[in-house]
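**Q** Next one to model:
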Amino acid sequence: MPLVSLRSLKFTYPGSAAPALDSVSLDIEPGDYLAVVGANGSGKSTLARCINGLLTPPPGAVLVDGMDPSDGSRLRDVRRTVSLVFQSPPDQIVASVVEEDVAFGLENLGLPREEMRVRVGEALEALGLSAERTRPPRFLSAGQQQRLAIAGALVMRPRCIVFDEATAMLDPVGRSDVLDRIDELVAAGMAVVHVTHDMAEAARARRVAVLAAGRIVFDGTAEDLFGASALPGAGLPDAGLAMPPACVAARAFGLRPIPGESAADLAARIIGDSELTPMTSAVATPSGTPPVDAALAGNVAVADEAGPVFVVEAASFSFLKGTANERRAVDGVSLSVRPGEMLAVVGVTGSGKSTLLQLLDALLFSSKGSIRAFGMDTSDPKVDPRAVRMRAPLAMQRPETAIFEFYAGDEAAFGPRNQGLSGPALVARVRAAMDSVGIPYDLFRDRRARAMSGGEKRRLALASILSMDPEALLFDEPTSSLDAPTKAAVMGLLRSAAAGGRTVVFATHSMEEAAMADRVAVMSGGRLVACDTPASVFGSGWDDGWGLSRPFGAVLADELRGRGAAVPGGIVDLETLLAAFRRAPVVEALA
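**A** Model prediction:
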C-alpha cells in the first residue's frame, strides 16, 4: 500500500476563483524520492500542505498510511508520519534557543531526556549547527535558520519528509550537504518529497512530477523529463522550468542529456565527439541580459567624475556585542562601489553578506571604521538614515514577510506615495515595476497580497523596491524561490538597471548569477577575501577554501581545456562557452 496516496485532489483557497490544485492523483511509496517542480503559483506548496494536513483536503482525496488528513482526530498521527520543512523557516521556529527548538517536537512526544539529547545532537551535527546550539535562532542567518528547520524535521524520524524549497537560501556546499543527507534518508527507507525550482536538484530524485496551473502534466524519471524535447502538452519554459546546466550543454553539443552528470564526465563525452570545432574569439552576453553598450559597462567615466556611491573603510560590526553570544559578523571590510556598477556579494551561509548590505543601507551602523553612502557618513548623527534608504532601498531576505498592505497594487505603491507621487504618475510607476517582475499590474493590482503564492509575494516585494525608482538597488538573494523564467527576468532587470547608470549590489548563493556582475566580492568569516571580475574570481583567483562552487560553465571550460580543446580563456558562464563552438549555438533552453 502506498505511504501517501492522492486521488483527484482538488483544493481552492477561500475567495479564489480558480483551484490551486485540480484533479491531482499520485502515489508515494515508502522510500520513494519524488521531486515536485513547476512555476510560481503552480500549486507546489499547496500540495505539500495538503499531504501534511496543514490544509484540509476534501475527505478521501488524501491518505497518509491509511489515515485521512481531513479527519481532525488523526492529524497528530498524520504529522508524525509526514514532517514538513517550510519554505520560510521562521514559520516553524518556535523556541528561543537553537537546541530547544530542535527538541520541541520530541518533548511533545514525551521521549526520555537522554534519547532527546542524542537525537538533538545528531541532528545539529548533520546540519552543521553544533556550534550554534545555545544561540537564539533570531540571530542566525537566513541560511542557518533554514538548516535549523530541517534539523527540527529530521529529529522526529518520520516516515516521510516534505521539503518545500528547503535549500533555497543555503550556500552551494550547504545545499550539497542537505542533498547528500536526503540521499541517505532515502537509502535508509524514508520517503522524501522535494519541492524545488532547482532542476539540478530535481534531477537527483527517482521521480519528477511537474505541476502547471494546479495539474500534474508530467510524472516520470528525470531522464525522461530532460531527455524529451517537450513535456506532454507543455514545453519546459511554459511550465516555468529550465534544464540543469549539464543537460543544456549536452543537448547543445548533440549529446544525450544525463541528469546529474559532472562537468568532468560531460567534457570527456564532448571531446569524444570528433566533429567538435572550437572558435577562439566568440563572446556572448549572459542569459537574460540585454546587450550593454561598451560605454556603459562599469560606468568608469561616471565613477571618476562623481566618486563612489558606497565607500566602506575598515568597517566592523558585531551582534550582541558585550554578551556571551557576541558574534563578529563583519570584520575590517574595505570596499568601494562605483555608480552604474553591478556588484555580486557571495560567501557561505553566515559569512556576513546580509550584514554588509544592511550596513550599506544604514539599517546597521559599524562599530569600527566608517561607511559613506552618496558621500554621507552613515554614523554621523546629523545624517538622516532615511535619506540613504530612500536613495538605495534594500530588499532583504524573505522580503515577502514584510508585506503589510491588503492589495498588491497598494503594496507596490507604498514607497512612491511616500516620495510624494500621486495620480497618473504613481500608477505609471507602479505599473512599470509590477510588469517588470512578472506580476502584471492589470491582473494583480487588486489581488489580496497575503493570498498570493510565495513566489508571487517575492516578486511583489521586488516591485515595491523598483517602484521607488532609486539611484541604487540593494538586494539580498533577489531570486531565491523564484521559477526559472522569473529568475532570468529579474537578473536581466538588474543588469539593465546597472547599464542605465544605477548602482546594483546583490547577495546571492548562485554563482551563475554572480558571474553576470561586473565584480564579485567574496565574504568569508566576516572578512572580504576577494573582490575582482568574475573571470578572475572564478578563474585564477579561485580558492576552494571559500567553501563555494564555481559556475558550471567555468568548470566545464576548464575540463575541456584540460582535455586539449582550444577553449578561450576567461569564460565563466555556460552561454559564452557554448557560443565558442560552431556546433553549439546559444540554445533556447538557457532563456
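
**Q** contacts, neighbours, all on C-alpha from now
**A** Fine.

**Q** Show me how this structure divides into domains.
**A** In the domain annotation for the chain, the residue ranges read 4-239, 248-287+551-590, 307-393+470-546 (automatic domain parsing).

**Q** Comparing those domains by mean pLDDT, which bottoms out?
**A** When the domains of the chain are compared by mean pLDDT, domain 248-287+551-590 comes last with a mean of 74.

**Q** hang on, the earlier thing: okay if I get the domains of the chain as CSV plus distance to residue 452 and mean neighbour count?
**A** Listed next are the domains of the chain as CSV, based on distance: least, C-alpha to C-alpha, whole Å; neighbours: other C-alpha atoms under 10 Å:
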stretch, distance to residue 452, mean neighbour count
domain 4-239, 8, 20
domain 248-287+551-590, 27, 19
domain 307-393+470-546, 13, 21
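
**Q** Include distance to residue 427 when you put these into CSV, please.
**A** CSV is the format used below for the domains of the chain (distance: least, C-alpha to C-alpha, whole Å):
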stretch, distance to residue 427
domain 4-239, 25
domain 248-287+551-590, 31
domain 307-393+470-546, 17
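
**Q** of those, which approaches residue 419 most closely?
**A** domain 307-393+470-546 (8.3 Å; C-alpha to C-alpha).

**Q** buried sites along the host helix or strand of residue 433?
**A** Using DSSP states H and E, residue 433 sits in helix 423-436. Within helix 423-436, the residues that count as buried by 16 or more other C-alpha atoms under 10 Å are 426-427, 429-431, 433-436.

**Q** Flag whichever of the residues you listed scores worst on pLDDT.
**A** residue 436 (83).

**Q** tell me the centre residue of this protein?
**A** Centroid-nearest residue in the chain: residue 480, 2.4 Å away (criterion: C-alpha atoms, centre = their mean).

**Q** what sits against that one?
**A** Residue 480 sits next to 168-169 when contact means C-alpha atoms under 8 Å, 6 or more residues apart in numbering.

**Q** cool, and residue 87?
**A** The neighbours of residue 87, taking C-alpha under 8 Å, 6+ apart as the test, are 163-166.

**Q** Give me the phi and psi angles of it.
**A** Residue 87 adopts backbone torsions of phi -70, psi -30, taken as degrees, to the nearest 10.

**Q** quick one on the thing from earlier: give me the contacts around the helix holding residue 433.
**A** 409, 412-413, 416-417, 440-442, 459-460, 463-464, 466-468, 489, 493.

**Q** send the alpha carbons of it over as PDB?
**A** Extracted as PDB, the C-alpha positions of helix 423-436 are listed here (Å, rounded to 0.1, in the frame of the first residue of the first chain):
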ATOM      1  CA  GLY A 423      -2.300  60.300  -9.700                       C
ATOM      2  CA  PRO A 424      -1.300  59.000 -13.200                       C
ATOM      3  CA  ALA A 425       2.400  59.400 -12.400                       C
ATOM      4  CA  LEU A 426       2.000  57.000  -9.400                       C
ATOM      5  CA  VAL A 427       0.000  54.500 -11.500                       C
ATOM      6  CA  ALA A 428       2.600  54.600 -14.300                       C
ATOM      7  CA  ARG A 429       5.500  53.900 -11.800                       C
ATOM      8  CA  VAL A 430       3.700  51.100 -10.100                       C
ATOM      9  CA  ARG A 431       2.500  49.500 -13.400                       C
ATOM     10  CA  ALA A 432       6.100  49.500 -14.800                       C
ATOM     11  CA  ALA A 433       7.500  47.900 -11.600                       C
ATOM     12  CA  MET A 434       4.900  45.200 -11.300                       C
ATOM     13  CA  ASP A 435       5.000  44.400 -15.100                       C
ATOM     14  CA  SER A 436       8.800  44.100 -15.000                       C
END
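
**Q** Could you tell me how far the residue nearest to the centre of the chain is located from residue 69?
**A** Distance of residue 480 to residue 69, computed by C-alpha to C-alpha, to the nearest Å: 30 Å.

**Q** same deal with residue 467?
**A** If you measure residue 467 against residue 69 using C-alpha to C-alpha, the figure is 42 Å.

**Q** One more: residue 116?
**A** 27 Å.

**Q** Tell me which residues touch residue 335, please.
**A** When contacts are counted by C-alpha under 8 Å, 6+ apart, residue 335 is found next to 310-313.

**Q** In a markdown table, list these along with distance to residue 377 and secondary structure.
**A** What follows is the contacts of residue 335, written out as a markdown table (distance: C-alpha to C-alpha, whole Å; DSSP: H, G, I helix; E, B strand; the rest coil):
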| residue | distance to residue 377 | secondary structure |
| --- | --- | --- |
| 310 | 10 | strand |
| 311 | 9 | strand |
| 312 | 10 | strand |
| 313 | 11 | strand |
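
**Q** Looking at those, spot the one nearest residue 212.
**A** Using C-alpha to C-alpha, the contacts of residue 335 come closest to residue 212 at residue 310, 43.0 Å.

**Q** From the chain's centroid, how far away is stretch 48-65?
**A** 27 Å (C-alpha atoms, centre = their mean, to the nearest Å).

**Q** rewinding a little: whichever of the contacts of helix 423-436 end up buried, select them in PyMOL.
**A** In PyMOL, this line selects whichever of these come out buried by 16+ other C-alpha under 10 Å:
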select buried, resi 409+412+413+416+441+459+460+463+464+466+467+468+489+493
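
**Q** Sort out for me which of the contacts of helix 423-436 are in helices.
**A** Members of these lying in helices (criterion: DSSP state H): 409, 412-413, 416-417, 441-442, 459-460, 463-464, 466, 489, 493.

**Q** Of those, which pair is most distant in space?
**A** Spanning the widest gap among the ones in helices among the contacts of helix 423-436 are 417 and 489, at 25.7 Å by C-alpha to C-alpha.

**Q** Quick one: list the elements packing against the helix or strand harbouring residue 559.
**A** Element membership for residue 559, per DSSP H and E: helix 552-562. Applying 3 or more C-alpha pairs under 8 Å, 6 or more residues apart in numbering; DSSP states H and E, we find helix 552-562 packed against helix 245-252, helix 263-271, helix 574-579.

**Q** So what touches it?
**A** Here helix 552-562 makes contact (C-alpha under 8 Å, 6+ apart) with 245-246, 263-264, 266-268, 271, 512, 538-539, 567, 571-575, 577.

**Q** what about the helices in the stretch 251-400 of the chain?
**A** 263-271, 300-306, 353-360, 385-391 (DSSP state H, counting those that start in this stretch).

**Q** can I get the ones you listed in CSV with distance to residue 503?
**A** CSV is the format used below for the helices of the stretch 251-400 of the chain (distance: least, C-alpha to C-alpha, whole Å):
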stretch, distance to residue 503
helix 263-271, 34
helix 300-306, 10
helix 353-360, 12
helix 385-391, 11
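
**Q** Out of those helices, which gets nearest to residue 153?
**A** Comparing the helices of the stretch 251-400 of the chain by their distance to residue 153 (C-alpha to C-alpha), the top pick is helix 353-360, with 26.0 Å.

**Q** can you give me how far the closest one is from the chain middle?
**A** A distance of 18 Å separates the centroid of the chain from that of helix 353-360, by C-alpha atoms, centre = their mean.

**Q** among the buried residues of helix 423-436, which two are most distant?
**A** The most widely separated members of these, counting by C-alpha to C-alpha, are 426 and 436 (15.6 Å).

**Q** Skip the chain neighbours and tell me the closest residue to residue 201.
**A** residue 179 (7.7 Å; C-alpha to C-alpha, 6 or more residues apart in numbering).

**Q** Report the separation between residue 513 and residue 390.
**A** From residue 513 over to residue 390 the distance is 26 Å, taken as C-alpha to C-alpha.

**Q** sorry, back to before: tell me which element the residue nearest to residue 201 falls in.
**A** helix 172-187.
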